[in-house]
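# Task: produce atomic coordinates for the following.
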Amino acid sequence: MKRIFTRISVLAAFCLLTINVALAQNITVKGKVIDGGDKTPLPGVSILIKGTQGGTQTDVNGSYSLSVPANATLVFNFVGYTAQEQAVNNQTTINVSLAPSTQQLEQVVVVGYGTQRKIDVTGSVGTVKGEDISKQASVNPVSALQGKVAGVSITNNGSPGSSPQITIRGTSTIYGKTGPLYVVDGVWYDDINFLNPADIANISILKDASSQSIYGIRAANGVVLVTTVKGKKGTAVINYNGSVGIQKVTNQVEMANASEYATLVNEAYALRTPPVAPLFANTNLGEGTNWYDQVLRTAMVNNHQLSISGGTEKSTYNFSLGYLDQDGLVKNNNYKRYTVRLANDYQIFEPLKIGYNVAGTYSKSKDAPSTIFRAMYAASPVVPVFNADGSYGDPNAFNLGNGSNMNPQATLDFFNQNTTKYKINGNVYAELKFLKNFTFKTSIGGDFGQEEVRGYVPKYKATNTQLSTVSKLDIDRIENRNWLVENTLTFDKKWDDHSLTVLAGQTAQRNKMYTINADAQNVPYSSEGDLYLALGDAASRSIIDKGELSTFSSYFARVNYSYKNKYLLNASIRRDGASQFFGSDNVWGNFPSIGAGWVISNEEFMKNQNIFSNLKLRGSWGKVGNAGVPFNPSTQTVDQTAALIAIFGGIPYTGASIRTIVPPTLFWERSAGTDIGLEMGFLKNRLNIELDYYNRKTEQAIFDIPVLGSLGTVNSSIIANQADIQNRGFEFLATWTDKTSGGLTYSISGNLGINNNKVLNVTSGANPIYKGGAGLTSGYLSTRTVNNRPIGEFYGYQVVGIFQTDAEAAAWPGFKKGDFKYADINGDGAIDLRDRVVLGNPNPKFTYGLNTNFAYKNFDLTLDIQGVADVSVFNANLSSRFGNENYTKDFFDHRWTGPGTSNTYPSADLAGGLNNAPNSFYVEKGDYIRLRNIQLGYSLPASIVNKWKMQRLRVFLNAQNAINIFGYKGFSPEVGGTPTNAGIDTNVYPLFATYNFGVNVTF
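Predicted coordinates for the structure are as follows:
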């Protein structure tokens, strides 16, 4: 890998040297841009050198001056006007007259297996331009979409190198895969963390079943189409985009200091039955250790991308290199990523075009301990980081018990785990046009990767409980070998008032995964490069391997028809076969769709009205599938545990037991969806509004079936395709684009998504699925999924107050003064499981975003706001109590300390009785509004950069997540999780604010 990147660097250096030859041929072009109607000057017109990012803007008089190659092409763009291209051809003066645009829907939208004019699209498709993604500080392209598209919910994770969760129009599965299908230049992926955001030209998100159904059994959770940057005809252009910055934790939770902690622990001991003597004779212990300050840091981040692109009449190319170096908030945590991408297209002769896209990614991370944030929260502030003699502070020296029996610094110091990933992917294609209207395209793509997690624990003793008597080496490796072959034939013809496009295609796909887990003890450590399993004790070595192989075969077709640009029809069908369902009646499935549109504004009766610039009504229906269900769950397994060993005549014999019931054969989940949309344009399309209503129903979703415990099963349920899940809601998008006479151009776009999630029609009845036990110590589960309710809603006791005296609590067995007072829902005079109620919903009902862009002369400003509303978070950090975990400062300030002191916060004895059971006190509002991104840029005048042999030089300052407004008492209410464990905040790696400085340079 190092040799590859060395050779790439040499190539890049060579291109940098040779580009000066082309630059020497630049000439200065001047001119004026006017309105084609009233002939007034147009200030702020964007003038780009085609195929590059270089360019300028007209001044207040509509004039411009730009240094360009003598054979370049200039592209003139302005809000409300039709774009125009002008070939330079050695001209030094080019004046342009722009015609006002009456139709903004001519823009091209990427859809499955092709493109369409936006006016012709009958489904719901959200689009984001690459330039909008590049203005984010996000190092993951999915994260940059947050708040950009209505109905798309994104939950980020602060861990470097991690991928955010994305949900399109709500959660529609419980046991299946929840993520969308990503299609990058025609190749399918489950994740695009390998992509450098600067390599992206645009992203289309297919939100409704009609637009998704062309992808069949992979499309139930939405489809994200990514088009990467390609080369364009013209002189070689070099672009450099780089930034350096810092990342800081936001809204750090303030914990109790040493004195406050000692006071709380003594109070808790005094309330126990019987009371326990105080643990601390003296509670005046000062501030003590702030474990967050000890373990967290201000982290550095560096992100750089260099690209070279260009082409001739017969070929184009784009080559890019990327480097990311991101420190984590946790000390020692680091992530490095190297990317390389090469794309070439060749016009062999007029009808035949071939090309390829190849990308390579190498990443390596020094991981953080998975439990470190829980450790920082729970660790006692009375324990020093180090003792005076240099040894680690030991919680056991303070008799703190199990709850806070850790020194987070020791956890960090003796944790040694690295994750290394290699990936190469891409495709080659050939495209042949024949018989005037036909195009045949064949593509062969692949995704080949390897991930290795290597962990090493040395022989050490930091505290009485943080120790290891032997060293141990663990190596986990995952290999993926996936390929995809697609063939499509397209017929495209326009005649008179008719436009017809017919697509037919065939796909073959193979996905193979192999995993191996190995470990050995007593492996000596001399250096990071000398850790081998063979060096460990032979008797201690173990290895487990397994694999998965699935193949798919598909056939699909689609028809797009338009009459007079008024009446639109879209119909498609896909037939998928999957090997993982072989042996059942569900090997093959059919996924049809139909969509229709009416461009009302093109009707004759709309010609003389001045209200609508555009008015379009569209509707669609379709079916899609989710093949990402549990793999081969119908295989019967046999248990051979130590509990089944019997001894006869002094000889042990291992017994066997069948303790699970094989479920029925599972097959893919199916979703049927309806979408109705209205698109409106006003004031010459300066104001555009889109409204959507959708109703999506997942049919035959996998759900629990209860079984009798008397059957001897380990679990009380099995799973089967037996439920329906509904997501229904509205989406709203409004965009205003305009210019002022003073030269200010701007756009303001707001989006809102409203979603309601509900489980429907469980065949086996109202049996619930109880989950959400992660991090809980009460023995209760905190979420419930049941018929006619949302997936994974929080479930527990409703707090109605605090018992002020023992006399008040006496009527309720098991409770005492200072404990939570729960509502007796069934009125039987006792608090038990039958008194639990719905406490909140982790599925947000509202998601919204506000995205703005301003440009004035050489300055540009981007400001994005994003948020969610009507959502709940379970604060499991506070409820998880084994004993003497630390408390927050908020709890210390508001706790119950005697009659009348509090009727909302309990006493310090959170671990006593039912105080740590799931209840409404721990369920908090997860609403938030955030300044997602703000960037201020300045492009140096052409008169300056031309002297430096540059086409463009822009500098910018950027801040991401700088302002966060919410009422939640944790780091951040942005908490992810699987569908039945979502929104539970325990040991979550929090988000951070990023502040960086960067430059964009074009040669």
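# residue closest to the middle of the chain?
P164 (2.6 Å; CA atoms, centre = their mean).
# Roughly how far does that residue sit from N193?
9 Å (CB to CB, to the nearest Å). For the C-beta atoms, the positions are set from N, CA and C on the backbone; glycine is no exception.
# joint contacts of those two?
N140 (CB atoms under 8 Å, 6 or more residues apart in numbering).
# Run through the helices of the stretch 751-900 of the chain in chain order.
Applying DSSP state H, counting those that start in this stretch to the stretch 751-900 of the chain gives helices spanning 806-809, 876-879, 889-894.
# Can you tell me the closest non-neighbouring residue to V871?
The spatial neighbour of V871 that comes closest, neighbours along the chain excluded (CB to CB, 6 or more residues apart in numbering), is P844 at 3.8 Å.
# In contact with the one you found, which residues are there?
By CB under 8 Å, 6+ apart, the contact list for P844 reads S153, N755, V868, A869, D870, V871, G926.
# Report pLDDT for it.
Looking at P844, its pLDDT is 96.
# ditto for N608
On the pLDDT scale, N608 is placed at 87.
# circling back: which of the contacts of P844 has the most neighbours?
Using other CB atoms under 10 Å as the neighbour test, these are led by G926, with 27 neighbours.
# Now that one. Its backbone dihedrals?
phi -100, psi 10 (degrees, to the nearest 10).
# ok, now the one 10 residues further on?
Backbone torsions for L936, taken as degrees, to the nearest 10, come to phi -110, psi 120.
# need the contacts of P844 in TSV with pLDDT and distance to A262, can you?
Putting these into TSV (pLDDT from 0 to 100; distance: CB to CB, whole Å) gives the following:
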residue	pLDDT	distance to A262
S153	95	43
N755	97	47
V868	97	39
A869	97	40
D870	97	40
V871	97	37
G926	95	33
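# Closest to E731 out of the residues you listed?
Compare each of the contacts of P844 with E731 using CB to CB and the shortest gap goes to N755, at 8.9 Å.
# Setting aside sequence neighbours, what's the nearest residue to that closest one?
G729 (3.9 Å).
# same deal with G900?
Distances taken as CB to CB, 6+ apart place Q804 nearest to G900, at 6.6 Å, with adjacent residues excluded.
# measure that neighbour to S907 for me?
Separation of Q804 from S907 (CB to CB) stands at 11 Å.
# Neighbour count: the two, which is higher?
A direct count of neighbours by other CB under 10 Å for Q804 and S907 places S907 higher, at 25 against 18.
# State the helix or strand in which the more buried one lies.
Applying DSSP states H and E as the criterion places S907 outside every helix and strand.
# That one: what's it in contact with?
Shown in contact with S907 (CB under 8 Å, 6+ apart): E267, A268, L271, I802, K817, G818, D819, R895, W896, T897.
# Now the buried members of those residues.
Neighbour-count burial (16 or more other CB atoms under 10 Å) applied to the contacts of S907 gives E267, A268, L271, I802, K817, G818, D819, R895, W896.
# right, so the helices of the stretch 751-900 of the chain: which one is the most enclosed?
helix 876-879 (a mean of 25; mean count of other CB atoms under 10 Å).
# the helices in the stretch 901-1003 of the chain, which residues?
Remark: helices assigned in the stretch 901-1003 of the chain by DSSP H, counting those that start in this stretch are 942-945.
# Okay, strands next: where are they in it?
Assigned by DSSP state E, counting those that start in this stretch, the stretch 901-1003 of the chain shows strands spanning 923-925, 928-939, 952-966, 992-1002.
# How about the stretch 601-750 of the chain?
In the stretch 601-750 of the chain, strands defined by DSSP E, counting those that start in this stretch lie at 612-626, 645-648, 651-654, 669-682, 687-706, 717-739, 744-760, listed in chain order.
# what's stretch 517-533 in contact with?
With CB under 8 Å, 6+ apart as the test, stretch 517-533 has contacts from 418, 454, 456, 458, 470-477, 534-537, 540-545.
# Just the ones of those in strands?
Filtering the contacts of stretch 517-533 for membership in strands, criterion DSSP state E, returns 418, 454, 456, 472-477, 542-545.
# So, low pLDDT: which residues of the stretch 451-600 of the chain?
Applying pLDDT under 70 to the stretch 451-600 of the chain flags the ranges 583-584.
# could you list every residue that touches N61?
K32, P41, P43.
# Go again with 7 Å.
Counting by CB atoms under 7 Å, 6 or more residues apart in numbering, N61 makes contact with P41.
# what's it sitting at in phi/psi?
phi -100, psi 10.
# got it, and Y292?
Main-chain dihedrals, Y292, degrees, to the nearest 10: phi -70, psi -40.
# can you pull out the helices in the stretch 401-550 of the chain?
According to DSSP H, counting those that start in this stretch, the helices that the stretch 401-550 of the chain contains are 408-413.
# what about the strands in it?
416-434, 438-457, 460-461, 467-468, 472-495, 498-521, 542-563.
# Mind checking those strands for the one nearest to S391?
strand 460-461 (9.6 Å).
# what helices or strands is that closest one leaning on?
Using 3 or more CB pairs under 7 Å, 6 or more residues apart in numbering; DSSP states H and E, the elements in contact with strand 460-461 are strand 467-468.
# centre of the chain versus the strand it packs on, how much separation?
Centre-to-centre, strand 467-468 and its host chain are 37 Å apart (CA atoms, centre = their mean, to the nearest Å).
# shift numbering so it begins at 776
Let's use 776 as the start, then, which means that last one is strand 1242-1243.
# Which elements pack onto whichever strand or helix holds T942?
T942 belongs to strand 940-943 when assigned by DSSP H and E. For strand 940-943, the packing partners by 3+ CB pairs under 7 Å, 6+ apart come out as strand 927-930.
# And the contacts of the strand it packs on?
With CB under 7 Å, 6+ apart as the test, strand 927-930 has contacts from 901, 917-918, 920-921, 939-943, 980, 1619, 1622, 1749, 1751.
# What of stretch 1375-1390?
Contacts with stretch 1375-1390, where a contact means CB under 7 Å, 6+ apart, come from 877, 880, 1339-1341, 1391-1392, 1454-1460.
# Filter those down to the buried ones.
In the contacts of stretch 1375-1390, the ones that pass as buried (16+ other CB under 10 Å) are L880, N1340, K1341, K1391, E1454, M1455, G1456, F1457, K1459, N1460.
# Let me see the contact set for the residue lying closest to T1002 once chain neighbours are set aside.
Distances taken as CB to CB, 6+ apart put A976 closest to T1002, at 4.8 Å, once the chain neighbours are dropped. Each residue near A976 by CB under 7 Å, 6+ apart is listed here: G905, T1002, T1003, V1004.
# just checking, which of those residues belong to strands?
Those of the contacts of A976 lying in strands (DSSP E): T1002, T1003.
# can you redo the contacts of A976 as JSON lines with neighbour count?
Formatted as JSON lines, the contacts of A976 follow (neighbours: other CB atoms under 10 Å):
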{"residue": "G905", "neighbour count": "20"}
{"residue": "T1002", "neighbour count": "17"}
{"residue": "T1003", "neighbour count": "20"}
{"residue": "V1004", "neighbour count": "19"}
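# Skipping adjacent residues, who's closest to P1481 in space?
Spatially, and ignoring its direct neighbours in sequence, P1481 is nearest to N1542 (4.7 Å; CB to CB, 6+ apart).
# my read: that neighbour touches F1478, true?
No: using CB atoms under 7 Å, N1542 makes no contact with F1478, being 8.4 Å away.
# Next up, the contacts around N1171.
Counting by CB under 7 Å, 6+ apart, N1171 touches N1180, T1238, N1239, T1240.
# next one: G1752
By CB under 7 Å, 6+ apart, G1752 lies in contact with G1758, I1759.
# and it, how far is that from T930?
Using CB to CB, G1752 is found at 9 Å from T930.
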